[in-house]
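Asker: after the sequence you'll find the predicted model.
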Amino acid sequence: MRVASTRGAASAPISEAIAQGLATDGGLYMPPQLAPSARAWGTNLRERALALLMPYFADDPLADHLPAIIDEAFNFDAPLRWLDERTALLELFHGPTAAFKDFGARFLAATLSRLTTGSTATVLVATSGDTGAAVASAFHGRPDFRVVILYPEGRVSPRQAHQLGAFGGNVHAFRVAGTFDDCQRMVKTALADRELVARHHLTSANSISLGRLLPQMAYYAHAAMECAHAGHAPPSVIVPTGNLGNAFACLLARERGLPIGKVMLATNANRALVALAATGRYEPAATVATLANAMDVGAPSNAERLLARFPQVRHAIDADWVDDEAIRHAIRRTWDRHHVAICPHTACGVEVLERLRARGDRGTWIVAATAHPAKFDTVVEPIIGTTVAVPEPLAELLARPAHATPLPPEPAALARALA
């Protein structure tokens, strides 16, 4: 199956598109629009992932490998935790780096490892906190790959920063003196430089990659089917989002015919997506630092995909934003009501749902719980007044020494670092 760029001047077989990352015309490769299906989607996360993704790889060399790829990527669960009879958290943080990005990163690594040509590929990734660690974990120790991570110095949590620098080996972390948008701009500039791409065999592991985007559909399909089997009405979903990839995956799952109601974005004080949902106009802005740092994105890349697929964007999504004080209140309120600790990003979604309930909404809602609260101990623990247990894989990473190299926020500096 061939996929086309959002800008219309490039297309490629899906396996080549995954290997390239960014389309050759500078756009983003789009998943083809498949007809909705009323098929039986399977009984567990792995079966549902395979049923959902296989049509995208029809007639592609990766098709025969897809079951094994999914076995590698989906070897941990995404359970629903019901807070009451109409409200659930979709816990996406049970992977090796305690964030939802483990699913997509592991799928991408398993995919690219089957597309290698014998030359060492450089996986280039900008991260606002969680992506880099997930990609590092997924590719760490794999022959024929090196990973280069750019993260904004001082704008990720201390534990996130430690994770990023703790892998070593074929993983190289750079702390950029700037914002996530600076990091993302440097990555996009590098991927658009054909000479640089050829010299270092560059590919991307950000959410611009189809290899990251497509597998994220699976856990929304899984959650929707679990709700259906439990006798619930089709749930609506709130997705805390920064770069929009996770939320776009939820829209794709709904497009395929999964029983999903509304899709609502929850952002922090970086409100470009809220304005986009309200007006249909995409106007990137300077990044604002918040407690939900992994969502500190002023120029979300996947807005280009959203507008290409859903030109009448106001009919596809709703959105709301949450300031730091409301994030604190949501963390405390969830702890007091349910004795459940949540991360600042999940708190954005919980707060948006609280507002909907206050306006009389009585529907079934799922909030994507995107990261384990232990990754944000310096925020969460003072609010709830107790320590948060650290998952074992995260504890093992935190016990390692960590190192990151400083880097100016300039594409030329990245080109030198790659050399």
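Answerer: Alright, I've got the coordinates. Residues are numbered from 1 along each chain as shown.
Asker: now do the contacts for Trp38.
Answerer: Not quite, residue 38 is Ala, not Trp. Gly257 (Cβ atoms under 8 Å, 6 or more residues apart in numbering). In this view, the C-beta of every residue, glycine as well, is placed from N, C-alpha and C.
Asker: make residue 1 into 784 and carry on from there
Answerer: Done: numbering now begins at 784, and the last item shifts to Ala821.
Asker: list phi and psi for it.
Answerer: Main-chain dihedrals, Ala821, degrees, to the nearest 10: phi -110, psi 20.
Asker: from Met813, how far off is it?
Answerer: Applying Cβ to Cβ, to the nearest Å, the value for Ala821 to Met813 is 24 Å.
Asker: same question, Tyr1002
Answerer: Taking Cβ to Cβ, one finds Tyr1002 at 21 Å from Met813.
Asker: the more surrounded of these two?
Answerer: In terms of neighbours (other Cβ atoms under 10 Å), Tyr1002 is the more surrounded of Tyr1002 and Met813; the figures are 26 against 19.
Asker: could you check the pLDDT of the more buried one?
Answerer: Per-residue confidence (pLDDT) for Tyr1002: 98.
Asker: list the residues that contact it.
Answerer: Applying Cβ under 8 Å, 6+ apart to Tyr1002 gives the contacts 828, 861, 873, 875, 883, 886.
Asker: quick one: contacts of the lowest-mean-pLDDT helix or strand in the chain?
Answerer: Here the helix or strand of the chain ranked lowest by mean pLDDT, DSSP states H and E is strand 985-987, holding a mean of 87. Applying Cβ under 8 Å, 6+ apart, the contact partners of strand 985-987 are 802-805, 895, 904-908, 970, 973-974, 979, 992, 1201.
Asker: give me that answer again for 7 Å
Answerer: For strand 985-987, contacts defined as Cβ atoms under 7 Å, 6 or more residues apart in numbering pick out 802-805, 895, 904-908, 970, 973-974, 979.
Asker: immediately after that strand, which helix or strand?
Answerer: helix 993-996 (DSSP states H and E).
Asker: quick one: list the elements packing against that following helix.
Answerer: With contacts defined as 3 or more Cβ pairs under 7 Å, 6 or more residues apart in numbering; DSSP states H and E, the packing partners of helix 993-996 are helix 797-803, helix 884-895, helix 1028-1038.
Asker: for the first one, buried residues please.
Answerer: By 16 or more other Cβ atoms under 10 Å, the buried positions in helix 797-803 come out as 797-798, 800-803.
Asker: contacting residues for Met969?
Answerer: Taking Cβ under 7 Å, 6+ apart, we find Met969 in contact with 933, 1192, 1194, 1197.
Asker: check contacts around the third one.
Answerer: Yep, that's Pro1194 we're talking about. If you count contacts by Cβ under 7 Å, 6+ apart, Pro1194 has them with 969, 972-973.
Asker: kindly report the same for the last one.
Answerer: Contacts were defined as Cβ under 7 Å, 6+ apart; by that measure Leu1197 touches 969, 973, 1190.
Asker: for the helix or strand hosting the second one, what is the average pLDDT?
Answerer: In this assignment (DSSP H and E), Ala973 forms part of helix 963-975. Helix 963-975 comes out with an average pLDDT of 92.
Asker: hmm, Arg1097 is touching Ala1060, no?
Answerer: Yes. With contacts counted by Cβ atoms under 7 Å, Arg1097 reaches Ala1060, the gap being 6.3 Å.
Asker: who has more neighbours, the two?
Answerer: Set Arg1097 next to Ala1060 and count neighbours by other Cβ under 10 Å: Ala1060 wins out with 20 against 13.
Asker: Ile1149: what secondary structure?
Answerer: The three-state assignment at Ile1149 reads strand, by DSSP: H, G, I helix; E, B strand; the rest coil.
Asker: what's the local residue count around it?
Answerer: Number of residues near Ile1149 (other Cβ under 10 Å) recorded here: 27.
Asker: and what of the one 5 residues further on?
Answerer: If you count neighbours by other Cβ under 10 Å, Ala1154 ends up with 26.
Asker: contacts only, for it.
Answerer: If you count contacts by Cβ under 7 Å, 6+ apart, Ala1154 has them with 876, 881-882, 913, 1077, 1126, 1128.
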